[in-house]
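Enquirer: build me a model:
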Amino acid sequence: MASVPHPVTRAVRFLAVSDPGQLRLTSAAGTALTVLLTIVVSIGFTSATGDPVTVAMLGTVVSMQASVSVKDRTPRARIATTALMALPAAGAVLLVAALSEFGKLADVGFIAVLFTAVWARRFGPRGTALGMVSFISYFFALFLHATIAQVPVLLIAIAIGVTVALFVRIAIFRDRPQSEVRRLARALRAASVSALEVAAPDRPRDINTLRRKLTGLADTGMMIEDWLDRNNASLHLSVTSHDLSVRVFEAQIATEQLASALWALAGDGSWAPSLGRAMTAVGACLQDNPSAEALRAARRLATDAADKADSSQVGIATILAARTVQAHTAIHRITANTTRERKRANSNTTEAIPAVVSASVSPARGSDSIDAYGGADEPDAPEVAGRPGLNKNTRAAIQVAVATSAATVVGELISPNRWYWAVLTAFLVFGGVTTRGELLTKAGNRILGTVLGVVAGVLLAALVGHHPIAQMALIVVCVFFGFWLVAVNYSLLAFFITVLLALLYGLLGKFSVDVLELRIYETAAGAAMGIIAAFVVLPVRTRATVIAGVNGYLGQMSALIDESIESVLAPGGSNNLVAKSRSLDTALQDVVTAAKPLSLGPTTTGRRSTRRLLRVLGVSGRAAHALARAGVVASRAEPDTRPSEETADALRAATLVVQGHLDLAMKMVAGKPFEHPPRNADSPVINVMTTTSNTPGALRSAVRALSKLNRSITELIS
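Expert: Numbers count the residues shown, from 1 in each chain. Modelled structure (predicted):
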């Protein structure tokens, strides 16, 4: 078989890393197909009945919502929620038709529906989905000026939309857990290669890039954990969910430690032969479809190299490479029964990791280390948190009600016929945000996407002209790219939806540049009303949310440290360290999301201090991973391998030092007074490293991880 060109290989790997498991791609494709089929069926229905084509748009929008907003954990629950969406959609249409006889009362009903849609988020994914479809159905019925006489045909349009969404979900894009976990395992390998690439000796040394790649690796591991939350691994694989979770965790941690060890190596010569052979084995096991013989040969090659390794940095890297081979080989074997055996001429164990970590090139110069944290200003003083007693969804619902009410007034002043765009924006900017900073960022992205979308829409409408087939095809393309790229940046969704509207107006014969200009004004007005409401009505301050998140993260880390150390000191016991490590990762993701507005803030000092805080939290999290892995390894050891009392006392004393530094970090982040630790504050940690330097196994790994964790936290508070 001809080899795939290197640029193509890199492109495929990039797509695998940026969209692990192609979950976003699959979801966007399903949404686009749902919209396409609904358009075809709805237009066929309206053509047969003589109803206006605008009726078809209601069914199309309902089907799109049924595709994108249903996020239940199990397939059965997702199907049930999709079917239930017909009820709130029909209720919204009936309410509009009933209130339309009373003039402005229909607008008041709109505000009530918006409030209810946001408030319903407190009932989880199903409440969120049903609330969204009720909102969008009321909006379009109001847009169509629905009357009692039109209700039957509108209900049929809703039924078409829901039926098509169910058909696509069940018959075409049905859940395929085996294929999904296989793609996620492939994404884990691609993320591993991407991280090791940065640490290659022929690459420019960029510590920020390495940290970003390691974060991507952790995110991919979290997505496999999400798969385990939705599926029972024993029904699809040869292991239990717990076993797969442990294996994935070990592969992630081994790759993280290997990348760190490779990064720490510096010099003008090539890698030592032993490390070169071990990295050749890593390259073989990170291929997507290696043969069983190739995996066995890679493991033998890595094991032989590790057996001859010493305690130098090169030796440690060689041992970590062998551990990486073992971990990824285990995942290969676990997922092997989810696909047919493929014949590949891949038994040559000299196939190296793709170009980037080959042992034949000389390493780049530099003495930076993965544990070298740059200094910067401390975070700004915290602000007081919002009202803790009020449910966040109730708070958001009140804010939405105020924002949309104001947007209705301002929108009508701008355009009596297009005011709903302002209301729509005021509602949507509250989706998925909890703080003022997040809303401000999302509002800005929506305005930017709308402006660019208007320009692109005008140009595209001029190029396409009035060709219905081409317009409908481009509408489906806009749906696909909008929902595929929304996770990259929200402005991209706003861009493609605005282009879609331009095409839709062209399809209806109502296209004009003036209408699209009004969309910009109305969008800006709605965003402004949302921002004002977020800052004035029951505000939730970004900095207070970040402080609470950091304290929660450090608190979880403290508990993880204690359990890991106790597991190391009492081998052979049971623990829940993998699950707690994943909870720690989730807490860190929440902090990063909440702090994003601060990292993009207007002041250089604020941006720098926030980025420094997030960087240190990320590095400390990876050290906590290594510590947890040591605890997991210790749980498999025999109880009679328990360390001596002297060693146990020294390790507990070192743990108390680290815990004390975590407490100081919490005080610093919260803006409370604290005393900086003395210069020799980490001496217990150094002492325990010295006393256990020749101790093999989990104990030595735990001490190394504890030392790295202590250095990262000390750097933060020094």
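
Enquirer: from here on, contacts and neighbour counts on C-alpha atoms
Expert: OK.

Enquirer: pull out the buried residues from stretch 620-640.
Expert: Buried residues in stretch 620-640, counting neighbours by 16 or more other Cα atoms under 10 Å, are found at 620-635, 637.

Enquirer: C-alpha coordinates for it, PDB please?
Expert: Only the C-alpha atoms of stretch 620-640 are listed here, as PDB (Å, rounded to 0.1, in the frame of the first residue of the first chain):
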ATOM      1  CA  SER A 620      -0.100  21.600  39.000                       C
ATOM      2  CA  GLY A 621      -3.000  19.500  37.600                       C
ATOM      3  CA  ARG A 622      -0.600  17.400  35.500                       C
ATOM      4  CA  ALA A 623       1.600  16.900  38.600                       C
ATOM      5  CA  ALA A 624      -1.500  15.800  40.400                       C
ATOM      6  CA  HIS A 625      -2.200  13.300  37.600                       C
ATOM      7  CA  ALA A 626       1.200  11.700  38.100                       C
ATOM      8  CA  LEU A 627       0.600  11.500  41.800                       C
ATOM      9  CA  ALA A 628      -2.800   9.900  41.300                       C
ATOM     10  CA  ARG A 629      -1.200   7.400  38.900                       C
ATOM     11  CA  ALA A 630       1.300   6.500  41.600                       C
ATOM     12  CA  GLY A 631      -1.600   5.700  43.900                       C
ATOM     13  CA  VAL A 632      -3.300   3.600  41.200                       C
ATOM     14  CA  VAL A 633      -0.100   1.600  40.700                       C
ATOM     15  CA  ALA A 634       0.300   1.100  44.400                       C
ATOM     16  CA  SER A 635      -3.200  -0.300  44.700                       C
ATOM     17  CA  ARG A 636      -2.100  -3.200  42.500                       C
ATOM     18  CA  ALA A 637       1.000  -3.900  44.600                       C
ATOM     19  CA  GLU A 638       1.200  -6.500  47.400                       C
ATOM     20  CA  PRO A 639       0.400  -5.200  50.900                       C
ATOM     21  CA  ASP A 640       3.800  -6.500  52.200                       C
END
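
Enquirer: same question for that stretch, mean pLDDT?
Expert: Regarding stretch 620-640, the rounded mean pLDDT is 87.

Enquirer: next: stretch 151-160.
Expert: Stretch 151-160 shows an average pLDDT of 94 in the prediction.

Enquirer: in that stretch, what's buried?
Expert: Burial within stretch 151-160, assessed by neighbour count using 16+ other Cα under 10 Å, is assigned to 151, 153-160.

Enquirer: that older thread, narrow the buried residues of stretch 620-640 to those in helices?
Expert: 620-635 (DSSP state H).

Enquirer: closest to Val423 among the residues you listed?
Expert: Closest to Val423 out of those is Gly621 (41.6 Å), distances taken as Cα to Cα.

Enquirer: which ones are touching that closest one?
Expert: Each residue near Gly621 by Cα atoms under 8 Å, 6 or more residues apart in numbering is listed here: 557, 584-585, 709.

Enquirer: can you pick the most crowded of those?
Expert: Within the contacts of Gly621, most neighbours by other Cα atoms under 10 Å means Leu709, with 26 neighbours.

Enquirer: quick check: that one vs Ser512, distance?
Expert: 60 Å (Cα to Cα, to the nearest Å).

Enquirer: ok, Leu584 next?
Expert: 52 Å.

Enquirer: okay, domains of the protein per the record?
Expert: What automatic domain parsing lists as the domains of the chain is 12-175, 177-338, 375-540, 542-717.

Enquirer: residue ranges with poor pLDDT in the stretch 51-200 of the chain?
Expert: Along the stretch 51-200 of the chain, segments meeting pLDDT under 70 are nowhere present.

Enquirer: pLDDT on stretch 398-417, on average?
Expert: 90.

Enquirer: list the buried residues for it?
Expert: 398-408, 410-412, 414-415.

Enquirer: returning to what we had before: relative to Leu166, which of the contacts of Gly621 is nearest.
Expert: Closest to Leu166, out of all of the contacts of Gly621 and judged by Cα to Cα, is Asp585, at 34.2 Å.

Enquirer: skipping its backbone neighbours, what lies nearest Ser701 in space?
Expert: Ala630 (5.9 Å; Cα to Cα, 6 or more residues apart in numbering).

Enquirer: ok, the one you found - contacts?
Expert: Ala630 touches 564, 568, 698-699, 701-702, counting by Cα under 8 Å, 6+ apart.

Enquirer: and the gap between it and Thr49?
Expert: 69 Å.

Enquirer: just to revisit the earlier point, now, which of the contacts of Ala630 lie within helices?
Expert: 564, 568, 698-699, 701-702.

Enquirer: now pLDDT and distance to Val193 too, for these, in JSON lines please.
Expert: Shown next, in JSON lines, are the ones in helices among the contacts of Ala630 (pLDDT from 0 to 100; distance: Cα to Cα, whole Å):
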{"residue": "Ser564", "pLDDT": "93", "distance to Val193": "28"}
{"residue": "Val568", "pLDDT": "90", "distance to Val193": "30"}
{"residue": "Ala698", "pLDDT": "82", "distance to Val193": "26"}
{"residue": "Leu699", "pLDDT": "84", "distance to Val193": "29"}
{"residue": "Ser701", "pLDDT": "85", "distance to Val193": "24"}
{"residue": "Ala702", "pLDDT": "87", "distance to Val193": "26"}
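
Enquirer: quick one: which of the residues you listed is the most crowded by neighbours?
Expert: Val568 leads the ones in helices among the contacts of Ala630 on contacts (other Cα under 10 Å) with 32 neighbours.

Enquirer: wait, that one sits on Leu699?
Expert: Yes - in this structure Val568 lies within contact range of Leu699 using Cα atoms under 8 Å: 6.1 Å.

Enquirer: common neighbours of those two, please.
Expert: Counting by Cα under 8 Å, 6+ apart, the residues touching both Val568 and Leu699 are 630, 634.

Enquirer: so, low pLDDT: which residues of the stretch 601-718 of the chain?
Expert: Residues of the stretch 601-718 of the chain that meet the cut-off, pLDDT under 70, sit at 601-606, 640, 678-696.

Enquirer: show me where the chain has strands.
Expert: Counting by DSSP state E, the chain has no strands at all.
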